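Trainee: Just to be clear, the model below is a prediction. Sequence and coordinates:
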Amino acid sequence: MNKNEFIEMVKEMLQKSLGMEYSVEEYSHVKNNKKPLYGLTIRKIGEDLGMAIYLDKVFDEYQEGEGIDKIAAELYREIVSVEIPEELSGDYLTELVKSYESARPRIFCKLINEKANREMLKGIPYFPFLDLAVIFYIQVAETNEREMAITIDNKIMKLWGIDSLQLYQDTIYHMETSVPHQLQSLNDIVEGFLDEEEKIIFREAITKEEEGDKSPAELYCLRNSSKFGAASLLYGDTITEFAEQVQSDLLILPSSICEVLLLPDDGSRCYETLLDMVKSINKTEVSREELLSNSIYRYERMTKKISIAYQGEDL
């Protein structure tokens with residue numbers, strides 16, 4: 001059974017389980033970095049708001065031996081367990097789309113790769129940033145660990161009657177407060193996952209490296225509390241304050257759309273080695289839709305500007 005046949009069969013099984021109160025339709029969507037996803041949309045008859053479920057991963061499970069009956073039953077349980085917040089009923093969504101003032105507290109931005117998403121960027125407002133792009137979305141709600149969001153497109157901007165500069169400035173201003181940056185050394189993050197005995201061993205290993213004059217890399221993780229934490233790179237004084245704190249220029253490694261890594265640059269770093277590390281992690285550890293870039297960036301303390309230190313290959 002190929003993927004199309006699998007989706008059609010799951011659709012029929014869910015429609016039968018949910019009954020005629022629901023509409024179940026096939027759906028496809030191109031996510032970040034041209035990642036195509038296939039699945040179904042489920043909506044109660046007479047309601048505007050529904051949900052989308054993607055079937056790519058469960059198709060892989062099916063190919064690995066998972067029974068289609070079990071897959072459909074689990075999807076059914078997931079669908080009926082979703083509770084739509086009361087505030088999403090009525091004209092709430094219409095008001096968000098039509099009124100900028102209503103939507104503004106719920107608008108956030110994220111960083112994506114510009115070249116890998118050129119087709120998508122044709123229909124939405126965005127700001128170029130190095131070889132990346134800043135795009136915007138309305139966070140409608142979070143329910144049952146699902147995020148409901150609307151990507152802001154040119155049609156919505158026309159309804160709002162604002163320009164991209166105002167959208168960018170207002171969004172960054174409120175994000176600095178609502179989802180402030182989080183800056184933490186990777187050593188501290190690793191320790192957070194260890195028990196007390198493991199922490200002692202880990203600290204001893206770090207101390208030996210320092211005593212051996214191996215100059216271990218001091219990597220720091222920069223993110224915020226949203227799903228797209230790499231956007232904290234855009235916050236006004238975050239990078240400047242950290243560079244002053246460590247008294248150094250900074251190298252910025254694009255870990256994913258969720259976070260970036262900062263590395264104090266003392267002039268001895270081999271950019272090609274770092275580039276190989278970024279490419280390797282991107283290929284083995286980061287999903288296609290969460291890739292940010294293969295490039296390395298540099299923040300210069302004197303000019304307070306970020307530039308591309310080493311241009312990586314296209315995603």
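Mentor: That came through fine. Source: prediction; values computed, not measured.
Trainee: Strands of the chain, start to end?
Mentor: Counting by DSSP state E, residue ranges of the strands within the chain are 22-31, 35-44, 50-54, 107-113, 127-129, 132-143, 146-151, 182-185, 220-223, 249-256, 259-265, 296-300, 305-310.
Trainee: Run through the neighbouring helices and strands of the fifth one.
Mentor: It refers to strand 127-129. Helices and strands touching strand 127-129, as assessed by 3 or more CB pairs under 8 Å, 6 or more residues apart in numbering; DSSP states H and E, comprise strand 132-143. To be clear about C-beta, it is placed using only N, CA and C from the backbone, and glycine gets the same treatment.
Trainee: give me that answer again for 10 Å
Mentor: Judged by 3 or more CB pairs under 10 Å, 6 or more residues apart in numbering; DSSP states H and E, the packing partners of strand 127-129 are strand 107-113, strand 132-143, helix 164-178.
Trainee: which of the ones you listed is buried the deepest?
Mentor: Of the helices and strands packed on strand 127-129, the one with the most neighbours on average (mean count of other CB atoms under 10 Å) is strand 107-113, at a mean of 23.
Trainee: What distance do you get for the residue nearest to E66 when sequence neighbours are not counted to G236?
Mentor: Spatially, and ignoring its direct neighbours in sequence, E66 is nearest to V58 (7.6 Å; CB to CB, 6 or more residues apart in numbering). Separation of V58 from G236 (CB to CB, to the nearest Å): 43 Å.
Trainee: Among those two, which residue is more densely surrounded?
Mentor: V58 (20 against 10; other CB atoms under 10 Å).
Trainee: Isn't K122 up against I135?
Mentor: No: contact criterion CB atoms under 10 Å: K122 and I135 do not qualify, at 12.0 Å.
Trainee: Can you mark which positions in stretch 241-250 are buried?
Mentor: 242-243, 246, 248-250 (16 or more other CB atoms under 10 Å).
Trainee: partners of E259 in the sheet?
Mentor: E259 has the following beta-bridge partners by DSSP bridges: S256.
Trainee: For stretch 123-134, output the C-alpha coordinates as PDB.
Mentor: What follows is stretch 123-134, C-alpha atoms only, in PDB (Å, rounded to 0.1, in the frame of the first residue of the first chain):
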ATOM      1  CA  GLY A 123       2.600  35.800  -0.500                       C
ATOM      2  CA  ILE A 124       3.500  37.000   3.000                       C
ATOM      3  CA  PRO A 125       5.100  40.000   4.600                       C
ATOM      4  CA  TYR A 126       8.700  39.300   5.700                       C
ATOM      5  CA  PHE A 127      12.000  41.000   6.700                       C
ATOM      6  CA  PRO A 128      15.300  39.800   5.200                       C
ATOM      7  CA  PHE A 129      17.900  39.100   7.800                       C
ATOM      8  CA  LEU A 130      21.300  38.000   6.500                       C
ATOM      9  CA  ASP A 131      20.400  34.900   4.500                       C
ATOM     10  CA  LEU A 132      17.300  34.300   6.600                       C
ATOM     11  CA  ALA A 133      13.800  35.800   6.700                       C
ATOM     12  CA  VAL A 134      11.600  37.000   9.500                       C
END
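Trainee: list the contacts for C270?
Mentor: Contacts for C270 (CB atoms under 10 Å, 6 or more residues apart in numbering) come out as D276.
Trainee: pLDDT wise, what is it at?
Mentor: At C270, the pLDDT value in this model is 84.
Trainee: How much space separates it from T171?
Mentor: 37 Å.
Trainee: Out of the helices and strands in this protein, which is least certain?
Mentor: helix 196-211 (a mean of 48; mean pLDDT, DSSP states H and E).
Trainee: Could you chop this structure up by domain?
Mentor: Using automatic domain parsing, the domain parsing of the chain gives 3-82, 87-178, 182-223+237-310.
Trainee: Redo the ones you listed as CSV? Include distance to A231.
Mentor: Formatted as CSV, the domains of the chain follow (distance: least, CB to CB, whole Å):
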stretch, distance to A231
domain 3-82, 13
domain 87-178, 5
domain 182-223+237-310, 8
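Trainee: picking up where we left off before, now, among the buried residues of stretch 241-250, which is nearest to Y126?
Mentor: L250 (24.9 Å; CB to CB).
Trainee: Hmm, K305 and that closest one touching each other?
Mentor: No: shown here, L250 and K305 do not form a contact pair, counting by CB under 10 Å, at 11.4 Å.
Trainee: overlap in contacts of these two?
Mentor: Joint contacts of L250 and K305 (CB under 10 Å, 6+ apart) are 239, 298-299.
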